[in-house]
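Engineer: Return a 3D structure for these sequence lines:
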Amino acid sequence: MNRFCMNLIKAFSVSLGIYSTSSYAISNINVYYYNGNDNFINLYTKFLGKLSERSPINFKFHDAQNHPKEQVESIITGLYSGSPAIVNLVDVNDADKILETAKDSGSKVVFFNRLPSDSALSSYDDSWYVGANSEQSGFYIAEVIDDYFKSVGHFDKNMNGQLDMVILQGEKFHHDTFNRTLMTVTNLKEKGYPLNVVSKNYDNWDRFNAKRDLLKQFELIGIKNIEIVVANNDAMALGALDALKSRGYNIDVKDKDHFIPVFGVDGLPEMLKEVDLGNATGTLIADYSALAKVCYEIATSEAQTDEEVTQLVWYKTEKHKTLIPYIKYASFKNYMKQKYVLPNYQNYSSL
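Structural biologist: Okay, the predicted model is just below:
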């Protein structure tokens with residue numbers, strides 16, 4: 001059913017007092033994600049799946065497995081059914097053709113975690129984006145790093161007058177990769193750190209790639225010439241820990257001579273455990289439960305303006321973008337008034 005027909009039905013129902021404008025009757029939502037093997041996407045999908053179990057709406061999940069062409073074809077087919085779509089793009093450049101189809105079918109599209117261009121998002125009045133603030137993440141990680149070095153009292157272990165840093169980056173053209181790296185480096189320099197970025201390879205969010213990358217840096221420059229590892233996500237930070245542990249580093253928190261601080265982003269359960277043990281130094285928690293809940297709320301709502309969405313989800317929405325704030329988490333400092341508890345999607349009851 002197209003949007004015009006739906007609006008006629010809703011207008012008639014409202015006139016009879018039997019329809020609420022806060023939501024509209026839909027039976028299916030299609031959820032598309034770039035790769036179900038991604039740790040963060042896997043957590044998000046599990047939580048959204050639990051929400052769907054408590055909802056009268058039928059959710060259909062589609063894993064593109066990193067194939068952009070197949071994903072676009074699947075999304076276009078789903079949009080012509082009239083169902084809303086929650087979309088994590090393989091290639092953000094495909095947003096334009098997807099939204100052209102959405103205009104024709106009148107279907108709502110909620111992008112998440114991979115931000116389309118502003119021109120694409122603004123081309124259709126019922127397209128939305130939900131994600132974390134990648135610029136904020138770079139700024140926050142720089143703050144956590146600064147707090148850490150202040151707590152230990154020094155940063156230049158090899159006494160070369162510089163902070164020798166390895167950066168493990170995500171995908172080459174991903175906005176999170178660019179913003180996290182840029183804002184981390186920029187803010188550390190503004191805080192007075194003489195940075196020497198010894199490598200910043202693209203490891204595509206992957207744990208094994210990051211481990212292999214760091215092992216190569218050990219051979220090229222020597223493990224003693226690396227003073228900090230900053231990863232664009234937790235999966236790569238865990239890969240860095242794998243590499244370090246294979247060389248006898250970051251195993252005993254009391255052994256300061258065999259320790260290199262490692263920082264990530266996402267708040268994966270395994271990374272939080274490593275931070276609690278002191279093997280990793282810090283991360284930022286991107287609340288996948290909030291991300292899933294906000295996507296669900298927008299996809300099932302008739303909200304049409306930023307103000308209406310803000311009131312609906314309780315997060316500020318501007319230019320059809322809702323950004324979920326990060327939470328700092330570290331081994332050396334408690335940034336929260338109480339210990340962070342991982343979202344338990346099995347017991348999540350509020351829709």
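
Engineer: List the contacts of Lys319.
Structural biologist: Asp118, Leu121, Ser122, Asp306 (CB atoms under 8 Å, 6 or more residues apart in numbering). For every residue, glycine as well, the C-beta is placed using N, CA and C.

Engineer: His320 is in contact with the third one, correct?
Structural biologist: Read it as Ser122. Yes. Ser122 lies in contact with His320 (CB atoms under 8 Å); the separation is 7.3 Å.

Engineer: higher neighbour count, these two?
Structural biologist: Set Ser122 next to His320 and count neighbours by other CB atoms under 10 Å: His320 wins out with 21 against 13.

Engineer: and the residue nearest to the more buried one when sequence neighbours are not counted, how many neighbours?
Structural biologist: Among residues not flanking His320 along the chain, Trp128 sits closest, at 5.0 Å (CB to CB, 6 or more residues apart in numbering). Number of residues near Trp128 (other CB under 10 Å) recorded here: 25.

Engineer: My reading is that Trp128 lies in a strand. Confirm?
Structural biologist: Yes. Under DSSP: H, G, I helix; E, B strand; the rest coil, Trp128 falls within a strand.

Engineer: Helix or strand: which one has Ile41?
Structural biologist: Using DSSP states H and E, Ile41 sits in helix 39-53.

Engineer: sorry, back to before: redo the contacts of Lys319 as CSV? Include distance to Tyr326.
Structural biologist: Supplementary listing: the contacts of Lys319 in CSV, determined by distance: CB to CB, whole Å:
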residue, distance to Tyr326
Asp118, 22
Leu121, 22
Ser122, 25
Asp306, 21
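
Engineer: Which among the residues you listed count as buried?
Structural biologist: Leu121, Asp306 (16 or more other CB atoms under 10 Å).

Engineer: taking the contacts of Lys319 one by one, which sit in helices?
Structural biologist: Asp118, Leu121, Asp306 (DSSP state H).

Engineer: I'd like to know which of those is nearest to Asp156.
Structural biologist: Set against Asp156, the nearest of those by CB to CB is Asp118 (41.2 Å).

Engineer: What ranges does the stretch 101-250 of the chain have for its helices?
Structural biologist: Ranges of helices in the stretch 101-250 of the chain, per DSSP state H, counting those that start in this stretch, are 118-121, 134-152, 175-190, 207-221, 234-246.

Engineer: quick one: which of the contacts of Lys319 is nearest Val152?
Structural biologist: Closest to Val152, out of all of the contacts of Lys319 and judged by CB to CB, is Asp118, at 41.3 Å.

Engineer: Would you enumerate the residues in contact with that closest one?
Structural biologist: Lys319.

Engineer: How is this protein divided into domains?
Structural biologist: 3-125+287-325, 135-285 (automatic domain parsing).

Engineer: could you give the mean pLDDT of the first one?
Structural biologist: Just to be clear, that refers to domain 3-125+287-325. For domain 3-125+287-325, mean pLDDT rounds to 85.

Engineer: Asp164 contacts Pro194, doesn't it?
Structural biologist: No. Shown here, Asp164 and Pro194 do not form a contact pair, counting by CB under 8 Å, at 9.9 Å.

Engineer: Let's see the pLDDT reported for the residue nearest to His320.
Structural biologist: Reported pLDDT for Trp128: 97.

Engineer: is it in a bridge, and if so with what?
Structural biologist: Val110 (DSSP bridges).

Engineer: cool, and the one 4 residues further on?
Structural biologist: Beta-bridge pairing of Ala132 under DSSP bridges involves Ile324.

Engineer: where's it relative to Arg207, distance?
Structural biologist: Distance of Ala132 to Arg207, given as CB to CB, to the nearest Å: 20 Å.

Engineer: same thing with Lys216?
Structural biologist: In terms of CB to CB, Lys216 sits 15 Å off from Arg207.

Engineer: again, but for Glu274
Structural biologist: Going from Glu274 to Arg207 by CB to CB gives 12 Å.

Engineer: what does Gln304 give?
Structural biologist: 41 Å.

Engineer: cool, and Asn42?
Structural biologist: Counting by CB to CB, the gap from Asn42 to Arg207 is 13 Å.

Engineer: okay, these two: which has more neighbours?
Structural biologist: Shown here are Asn42 and Arg207; by other CB under 10 Å, Arg207 has more neighbours (22 against 15).

Engineer: Looking at Asp164 and Pro194 now, which is surrounded by more residues?
Structural biologist: Per other CB under 10 Å, whichever of Asp164 and Pro194 has more neighbours is Asp164, with 22 against 13.
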